[in-house]
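> Predicted structure and sequence below. I'll ask about it afterward.
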Amino acid sequence: MRELGTRADAAHDDIRVDGRRIGTPSRIYLLLNKPRGFVTTRFDPQGRPTVLDLVPGPREYVYPVGRLDFDSEGLLLLTNDGELAARLMHPRHRVDRVYEAQVQGVPDEADLRRLARGVVIDGRRTAPAMVRLRGVRPGARRTERPDRGGSDSPATIEMTVHEGRSRQVRKMCLAVGHPVLRLRRIRIGPIADHSLKIGACRPLTTREVAMLKRSAGLQGRKAIRS
C-alpha cells in the first residue's frame, strides 16, 4: 500500500529500501517497579515525569503495557513486542493482574463477596475477581465501616483482575465503600519480583518471556531479547 500516511510495522512487515530488506529489530522486554508520581506513557503534554524517565541507557522504542495510575506503584512491563502487548492487555486472554490495596475501613465478608462477583463501575459490571483480606491494623474489627459510623482503620486486600479497565481496582473498592489509600501491583501474569527496588528497571529473562508468552497464548513463538 502506497497511500500517504500508511505506517509499517518493522516486526511484521517486509520493508525494503532500494530492494534491500530492513532487518527486524531485536525484541526488548523490561520489568519496571514504578513509583508513585510517574505517568504511564511515553510523553506527557503536562510535562510530568513518565515511566520512560526511569528506563536506563538509550531509550529504545519501548512502550508500557497497559495502565498504572499516576498515584499507583508496582510492576509494569515495557516492550516493543506489539503482538505480545496486545494479547496481555486483551481481557479475552485472561492474564491476571494482582494488586495489593490499602483501603479505608475494614471490608466485611459481604464486601469481599461483592468485589469477587463483580460490581458496576462506569455503567458496566466488572468480571469476577479473586479477593482476599491480607491484613488489618491491630485492634480493628472486620465489621468496621466508615459509612456506618465505625472506625476508618485501614486494611489491606489482595485483588486479582484480568480486565485492565481504567482505575478499575480503585473504582471497585470505592463502589463497596472502601476508598483506596495506596495501590501497588505485585504480579503480572506469571511475573513477580519482590526484590526489584522502587524505581528500578531490569530486562526479563528468556524464561520469563517464555512464561509471559504462554500465559498470552503464544506458546509456540520463540522469545528473542536484546
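Thanks, I have it.
> Please read off the pLDDT at A116 from the model.
pLDDT recorded at A116 is 97.
> Could you report the neighbour count for the residue nearest to it when sequence neighbours are not counted?
Closest residue to A116 apart from its sequence neighbours, by Cβ to Cβ, 6 or more residues apart in numbering: V131 at 4.8 Å. Where you see a C-beta, it was placed from the backbone N, CA and C, and this is true even at glycine. For V131, the count of nearby residues is 23 (other Cβ atoms under 10 Å).
> quick one: K213 is in a helix?
Yes: remark: K213 belongs to a helix, assigned using DSSP: H, G, I helix; E, B strand; the rest coil.
> That one contacts L84, correct?
Yes: counting by Cβ atoms under 8 Å, K213 touches L84, with 6.3 Å between them.
> What's the mean pLDDT across the helix or strand that contains L76?
Take DSSP states H and E as the rule and L76 turns out to sit in strand 73-79. Average pLDDT, strand 73-79: 97.
> Tell me what R184 is bridged to.
E73, E100 (DSSP bridges).
> residues touching the residue found closest to V161 once you drop the neighbours it is linked to in the chain, list them.
Nearest-residue entry for V161: A129, 4.9 Å, with adjacent residues in sequence omitted and distances by Cβ to Cβ, 6+ apart. Listed by Cβ atoms under 8 Å, 6 or more residues apart in numbering, the contact set of A129 reads L115, A116, G118, M159, T160, V161, M172.
> and the gap between A129 and G135?
18 Å (Cβ to Cβ, to the nearest Å).
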